[in-house]
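Student: Only the shape, not the letters, is given here:
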């Protein structure tokens, strides 16, 4: 079977994304409390997770996901490998492919992920790069589907930094048919990769489709009637302009007043870690519309489906 890398949502078909989500939902519903009885779709398989950036949710959820599937997981940092001493990614990929069945990489430079996938003889999964975070967005969408039903045709608002999570949300919107509204300070607006994705979406709209991505000048326009409000930390790992970011993003805080503009059944999501009183107030993230911990749990279930899909088990 041809290698099934899980790199970015824009290179998967709508059908493939929907299939992964359907299987994740099924796995969660049927086997969440019956792990010992769950079908071992990846029995005897080995996952290697490689971390060049710190992690809580990604590290634990991938490890538990592979165990739930009947396989085993080896968790490594770059300092555990010769990568940390200058060995090439190409050589690392070739060697690791002789030992394990699938690899997950959480790294900074997206090119590291592409190089690993190019030279590996086993599937490679994007656990996060500075460019994108597709595992997170699929967990977010799964959470919305659980709580509110199909996301197609819904309005989703992104408030704040146009970061890696936001790019994956743009990719998902163009594949799954929801409207994605972005409210961000001009200096932290759409990245080059996001602008390319928006341009492609716009071109499709001009040829008879409907544009999915909307950049708004007024923050209120993003919140107005939204079914889902999403945000993220203002200062991510590696950002060196913390003071400037905090000042620029201050008007973009998600608070009770802004949430009141959204649909009365709107959900709030944040991929965590969150900093209460900065990007979101405590009364929102700890309030009844917040589903951040369901969202975090769903990383586990989505990643089970991603691993099984990559290995051809579903």
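Tutor: All right, it came through fine. Just so we're clear, the structure is a prediction, and the values are computed from it rather than from any experiment. Residues are numbered from 1 along each chain as shown.
Student: Roughly how far does residue 308 sit from residue 294?
Tutor: Separation of residue 308 from residue 294 (Cβ to Cβ, to the nearest Å): 21 Å. For the C-beta atoms, the positions are set from N, CA and C on the backbone; glycine is no exception.
Student: Need the three-state assignment for residue 19.
Tutor: What DSSP: H, G, I helix; E, B strand; the rest coil gives for residue 19 is helix.
Student: Look at residue 308 and residue 294 and report which has more neighbours.
Tutor: residue 308 (24 against 16; other Cβ atoms under 10 Å).
Student: Please determine how far residue 117 is located from residue 305.
Tutor: Distance, residue 117 to residue 305, using Cβ to Cβ: 19 Å.
Student: That should have said residue 20, apologies.
Tutor: Taking Cβ to Cβ, one finds residue 20 at 5 Å from residue 305.
Student: Over to residue 239. Which of the three states is it?
Tutor: Per three-state DSSP, residue 239 ends up coil.
Student: what residues are up against it?
Tutor: Contact partners of residue 239, counting by Cβ atoms under 8 Å, 6 or more residues apart in numbering, are residue 245.
Student: Give me the pLDDT for it.
Tutor: With respect to pLDDT, residue 239 scores 70.
Student: which ones are touching the residue positioned nearest the centre of the chain?
Tutor: For the chain, the residue nearest the mean C-alpha position is residue 136 (2.3 Å; Cα atoms, centre = their mean). The contact partners of residue 136, by Cβ under 8 Å, 6+ apart, come to 128, 165, 168, 271, 299.
Student: ok, now residue 64?
Tutor: Neighbouring residues of residue 64 by Cβ under 8 Å, 6+ apart: residue 300.
Student: Looks to me like it is in a helix.
Tutor: Yes: counting by three-state DSSP, residue 64 is part of a helix.
Student: Distance check, it against residue 217.
Tutor: For residue 64, the distance to residue 217 - Cβ to Cβ - is 43 Å.
Student: Is it correct that residue 246 falls within a helix?
Tutor: Yes: counting by three-state DSSP, residue 246 is found in a helix.
Student: Residue 177: neighbouring residues, count only.
Tutor: Neighbours around residue 177, by other Cβ under 10 Å: 16.
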